[in-house]
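Undergrad: sequence unknown, structure follows:
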């Protein structure tokens, strides 16, 4: 089923165009969903590859577009960026808005299996299946055979797990800023898995934990992760990037395939993200600008 | 009188540091005032020049820092950026919060002369006198002999008028994104002058209108202005950059001294600003990196 896209607003930027779209999302249970799409000027002359940016807890489709510092580099590389929202909005489930780290603004990029959330909380299918369909149906100049994915915090978790759980089929590369790297072992992830999944944390480990997924992965991967030592959530043990790194090395991945960089003093904010924005876009450009998948 | 600075928050970014400070502002009638200061890594080795960024209507000290895209370029050029607020906060004057384009968030970078506003609404002195004093007293590594100024919309008006009304003594160069260029001839400016100044629009023309000031200027100037043809406020006649350009040419300034660039399709948002952020910082760097004023 395809949806009709509604253009909500648009701004010219870096010779390209950032447009906010809305549509009625079947995958999110018929709710109104929004996303931002940046198209570089190159898109006027043919389809361009796309980098999907997944934002963190409490964010929307706007945070990365406004504060990430990605658009200028993407414009120069001829790459589109798709900014989805972080959860369904207005599902009306009891308790959905009680906490900032669960429910609205905190969809955790999975498909819920608990009955009360299963109708609406399907951000995994929203991003991997529905948004590509909607973009294709609207005739937007995106080459869906050339997708990569990145994200911040909960969105870093999303980028790594969507990349690894598709066995790297859908995305050519993945990167993350301060990702929740081992959610089955941290309070945010335990809460999300217990809340959204009928099989709880055990089901989360099976399908939605980047550290568990990389430890079982046999495919060639292209992964870049950055985090800062001044990040409060890192210090609280919510992110656990070392666990991901350890599992990747144990699984035989070297520093070219899985690169994890530790930055002295940087925190969890978009001031950290924007510092390394150019590195990430260029990392993905290596793979997205190839005609065929590497 | 010097004030004690309170450090509110700080984030490492582009190897430098963005810090939010607060203090009790004598010039703003004893109210708590905040600003952001970006220091590049070079500031660890000696004083650096500073670029002052004035934000537009409804904004705070945060908008430019978060969305402007200035920090990476400033870091590479070894330049600090000072982000003041746009008005006093909490003066408690009747009617102060009724409109988004007057009062709180809309100080218009002048010193009010109407009795009800004169105690608090003194953003001109706050920026040109008080903030430099506060920075000096705190021992921050800023070379106050090397200041330039830029801004957006109302802040573009501020940048141009503070530059020109100091006879270019305090600032080495000025630039603006979509500035309110001739406020005595547009609704926003007329409302501000009528509201803040006991002499109304006539007093505004005398001291706070960039077009009037440039027409009377005899000093060498270094000015860059960018605006977009897709800007609703430009189309509404709130900005009038052509009037400024015409007055500058009539006063004998050529394209090197006063450069006004018109960009097809760009709007009033930070997506426009960030596109030309690098141009502006590099423009000011030409002057700020000289040992002596040009």
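TA: Cool, the structure landed. Only a predicted model underlies this, so the values are computations on that prediction, with no experimental measurement involved. Residues are numbered from 1 along each chain as shown, chains lettered A, B, ... in the order given.
Undergrad: which phi and psi does the closest residue to residue A:77 other than its chain neighbours have?
TA: Spatially, and ignoring its direct neighbours in sequence, residue A:77 is nearest to residue A:285 (4.4 Å; Cβ to Cβ, 6 or more residues apart in numbering or on different chains). The way it works is simple: take the backbone N, C-alpha and C, and place the C-beta from them, glycine included. As for residue A:285, its main-chain torsions (degrees, to the nearest 10) stand at phi -60, psi -30.
Undergrad: Find me the pLDDT at residue A:285, would you?
TA: pLDDT for residue A:285: 98.
Undergrad: cool, residue A:15 as well?
TA: Residue A:15 carries a pLDDT value of 98.
Undergrad: if you skip the residues just before and after it, what's nearest to it?
TA: Counting by Cβ to Cβ, 6+ apart, the nearest residue to residue A:15 once its immediate chain neighbours are dropped is residue A:41, at 4.2 Å.
Undergrad: follow-up on the earlier one: just to check, the residue nearest to residue A:77 is in contact with residue A:80?
TA: No. The pair residue A:285 / residue A:80 is not scored as a contact, 11.9 Å apart, by Cβ atoms under 8 Å.
Undergrad: How are the strands of the stretch 151-294 of chain A distributed by residue range?
TA: A:174-177, A:223-228, A:258-263 (DSSP state E, counting those that start in this stretch).
Undergrad: between these, which gets nearest to chain B?
TA: Of all the strands of the stretch 151-294 of chain A, strand A:223-228 sits nearest to chain B, with 7.2 Å by Cβ to the nearest Cβ.
Undergrad: angle of the closest one against strand A:258-263?
TA: Strand A:223-228 runs at 10 degrees relative to strand A:258-263, counting by axes from the mean of the first three to the mean of the last three Cα atoms, to 10 degrees.
Undergrad: So what are the sheet partners of strand A:223-228 and their directions?
TA: Next to strand A:223-228 in the sheet, as set by DSSP bridges, lie strand A:174-177 (parallel), strand A:258-263 (parallel).
Undergrad: where's the first one relative to the chain centroid, distance-wise?
TA: Mean-position distance between strand A:174-177 and its chain equals 8 Å (Cα atoms, centre = their mean, to the nearest Å).
Undergrad: Any chance you could list what contacts that strand?
TA: A:148-153, A:155-157, A:159-160, A:162-164, A:221-227, A:272-273, A:276, A:280, A:283-284 (Cβ atoms under 8 Å, 6 or more residues apart in numbering or on different chains).
Undergrad: swap the cut-off to 7 Å and go again
TA: Applying Cβ atoms under 7 Å, 6 or more residues apart in numbering or on different chains, the contact partners of strand A:174-177 are A:148-152, A:156, A:159-160, A:163, A:223-226, A:272-273, A:276, A:280, A:283-284.
Undergrad: Who has more neighbours out of residue A:285 and residue A:80?
TA: Between residue A:285 and residue A:80, counting by other Cβ atoms under 10 Å in any protein chain shown, residue A:80 is the more crowded of the two (27 against 20).
Undergrad: hang on, the more buried one packs against residue A:36?
TA: No. Using Cβ atoms under 7 Å, residue A:80 makes no contact with residue A:36, being 10.7 Å away.
Undergrad: Any chance of JSON lines for the strands paired with strand A:223-228, columns mean neighbour count and mean pLDDT?
TA: As requested, the strands paired with strand A:223-228 are exported to JSON lines (neighbours: other Cβ atoms under 10 Å in any protein chain shown; pLDDT from 0 to 100):
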{"stretch": "strand A:174-177", "mean neighbour count": "30", "mean pLDDT": "98"}
{"stretch": "strand A:258-263", "mean neighbour count": "17", "mean pLDDT": "98"}
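Undergrad: Among these, single out whichever gets nearest to residue B:104.
TA: strand A:174-177 (34.5 Å; Cβ to Cβ).
Undergrad: what's near enough to touch the residue nearest to the spatial centre of chain A?
TA: A centroid search over chain A (Cα atoms, centre = their mean) returns residue A:54, at 2.9 Å, as the residue closest to the centre. With contact taken as Cβ under 7 Å, 6+ apart, residue A:54 is in contact with A:84, A:109, A:149, A:151, A:155, A:158, A:159.
Undergrad: ok so, going back, right, so of the strands paired with strand A:223-228, which gets closest to residue B:191?
TA: Residue B:191 sits nearest to strand A:174-177 of all the strands paired with strand A:223-228, at 43.0 Å, using Cβ to Cβ.
Undergrad: my guess is residue A:53 contacts residue A:147, does it?
TA: No. Using Cβ under 7 Å, residue A:53 is not in contact with residue A:147; the gap is 11.7 Å.
Undergrad: Now for the residue with the largest distance to the centre of chain A: which residues touch it?
TA: Relative to the centre of chain A, the most outlying C-alpha is that of residue A:45, 27.3 Å out, by Cα atoms, centre = their mean. By Cβ under 7 Å, 6+ apart, the contact list for residue A:45 is empty.
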